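Q: give the three-dimensional model of this entry:
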Amino acid sequence: MWDEWVRVRATLTFVCIAFALVSLISPRDSVLTREAAIKIFRSLGKPANSSSESLCSLTAEEETFLATLECCERTNMRDQTYLLQHVGEISERTEYDGVDVQTQHQWLRNARARLARFPALDDDLLPVAPGGKELVEEIGKNVFVVSLERRPLKRRDAVRRLVESRLGGYIVNAIDGDGITTKADLAAIGAGVFPGYQGHDLHNISLTTGEAGCFLSHYSIWHHIHKNRLPYALVLEDDFEILGSPETFREGIRKLLDEAKASAGGKWDILYLSRYPITVDHKRISRSLVIPGFSYWTVAYIISLNGARKLLNKDGVRNMIGLDDWFSVLSKEPIESLACAPYTDRYRRFFACNLRRLAAIQPLIMPAKGAFWLSDTAKMRKNTRVIDDLPEGKGLENYDLRLPVVRPWRKTLRAFPGSVACRAGVKPQGLVEVVD
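A: Okay, here's the model as predicted:
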């Protein structure tokens, strides 16, 4: 059953798509104003505290929800415009078009070899801008960008954004869902899908190979954080876009960490720098931070060592669900919304739900233009498959991994001389200790 706030979100999405269509023929920007949003709230029967159409008619939590949602909807509107302008390219082309067969086969071999190395990450970290500045003292240069080898253009753009922002960090050679060809491939690395998993009603589909690759890639980063005892790290996906100047971004991170230390006593596990709120936030704890409700997107978040420990449990990787769903399911604060509570409660009873989440009210990072329509977890992509539909198979050990592993993306990274150094289902159970 859809509750009031999810109906509001769906309505705002519809309105923004309409604005996107208008923007194609209008010479001026089309932006959904806050006043218009409040009128939508009222049209849905939400009582107002004042006859005025000002922001005082919303509570503090509703205001933070709306502020974050407006930023997300502007991104959606921009992407709707991008889709309409490039619909032929997106629907008819893939990243394999124009690439010779030998390179395509090499990508697949490399993807299979990368899957076999899970969860180790040492051989799949590509240092970027080693001379760059540290983000903040707590994070240092522990900035990890998830990026696929067969997406050289997206990887190049991610490197460019890091270099332009003067950030030191690493490109993480991600696990490619295209390399998962059978269910036995996942079983061979101790992974699997939660039995009967179906996504939230917003998309309502079983886990795909792309989503599994995304989950396993982030899991590898958490494993690296835990193994090397990194106090904090910034995790990005390669379609990120930093809002504002490098100095503004650093100041924003510094401010969020200071507020988190003062308001939450430093006891937090994950801090969203970008998200798509589905339900109203639990509580506003400072000027810039909230305890979020059910949220989507994992394009940018800061994770603590303790947070990595909580996410690194064998039952999580053996019973995978969508990564952004996973964060909300493990939340210490239960999701109370009628739209999401039945969904999250279905999984919460199988795991230790003690993940302490925080979120920035005003996002510091947003998905880049066209990110959703070029996503490797998207259902519209030609090569994306549902894991439940894969054959059983015989496992990775039956695949010839002795073939040479080359990295055709080296040429792409040379566009930044001196800045990049390249180096070569089970039944759900209770919580299991972290992986060493």
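Q: next up, the contacts around residue 360.
A: Contacts for residue 360 (Cβ atoms under 8 Å, 6 or more residues apart in numbering) come out as 252, 256, 271-274, 288-289. All C-beta spots, glycine's among them, are computed from the backbone N, C-alpha and C.
Q: for residue 323, same thing?
A: 211, 214-215, 218, 298.
Q: quick revisit: list just the nearest of the contacts of residue 360 to residue 197.
A: residue 272 (23.0 Å; Cβ to Cβ).
Q: once you drop chain neighbours, what's closest to the closest one?
A: Spatial nearest neighbour of residue 272, excluding adjacent residues (Cβ to Cβ, 6 or more residues apart in numbering): residue 359 at 3.9 Å.
Q: am I right that the one you found falls within a helix?
A: No - Residue 359 sits outside any helix when classified using DSSP: H, G, I helix; E, B strand; the rest coil, being strand.
Q: right, and it touches residue 292 too?
A: Yes - if you go by Cβ atoms under 8 Å, residue 359 and residue 292 touch, sitting 4.0 Å apart.
Q: out of these two, which sits in the more crowded spot?
A: Taking other Cβ atoms under 10 Å, residue 359 and residue 292 do not tie; residue 292 has more neighbours (30 against 25).
Q: doesn't residue 272 make contact with the more buried one?
A: Yes - using Cβ under 8 Å, residue 292 is in contact with residue 272, at 6.4 Å.
Q: list the residues that contact both of the two?
A: With Cβ under 8 Å, 6+ apart, residue 292 and residue 272 have common neighbours 357-359.
Q: which of these lies closest to residue 330?
A: Relative to residue 330, and with distances defined as Cβ to Cβ, the nearest of the shared contacts of residue 292 and residue 272 is residue 357, at 8.5 Å.
Q: quickly list what that closest one is bridged to.
A: Listed by DSSP bridges, the beta-bridge partners for residue 357 are residue 270.
Q: and the gap between it and residue 308?
A: Per Cβ to Cβ, to the nearest Å, residue 357 is found 14 Å from residue 308.
Q: do residue 269 as well
A: 8 Å.
Q: also residue 158?
A: Distance, residue 158 to residue 308, by Cβ to Cβ: 22 Å.
Q: the stretch 101-250 of the chain: strands as residue ranges?
A: All strands of the stretch 101-250 of the chain, identified by DSSP state E, counting those that start in this stretch, fall at 125-128, 143-147, 169-173, 232-237, 240-242.
Q: what average pLDDT does the first one get?
A: The reference is to strand 125-128. For strand 125-128, the mean per-residue pLDDT is 90.
Q: same check, this time on the third one
A: In this model, strand 169-173 has a mean pLDDT of 94.
Q: what's the answer for stretch 222-232, then?
A: 96.
Q: quick one on the thing from earlier: of all the strands of the stretch 101-250 of the chain, which lies closest to residue 391?
A: Closest of the strands of the stretch 101-250 of the chain to residue 391 is strand 169-173, at 26.5 Å (criterion: Cβ to Cβ).
Q: so what are the sheet partners of the closest one and their directions?
A: If you go by DSSP bridges, strand 169-173 pairs up with strand 125-128 (antiparallel), strand 143-147 (parallel).
Q: including mean neighbour count and distance to residue 103, could the ones you listed go into CSV?
A: Below are the strands paired with strand 169-173 laid out as CSV (neighbours: other Cβ atoms under 10 Å; distance: least, Cβ to Cβ, whole Å):
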stretch, mean neighbour count, distance to residue 103
strand 125-128, 20, 19
strand 143-147, 25, 17
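Q: quick one: closest of the ones you listed to residue 280.
A: strand 143-147 (29.1 Å).
Q: any stretches of the stretch 201-350 of the chain with poor pLDDT?
A: 201-203, 338-339 (pLDDT under 70).
Q: list the contacts for residue 170?
A: 125-128, 143-145.
Q: follow-up on the earlier one: need the overlap of contacts for residue 359 and residue 292.
A: Common neighbours of residue 359 and residue 292, using Cβ under 8 Å, 6+ apart, are 272, 275, 281.
Q: closest to residue 369 out of those residues?
A: residue 275 (18.3 Å).
Q: quick check: phi and psi on that closest one?
A: phi -160, psi 170 (degrees, to the nearest 10).
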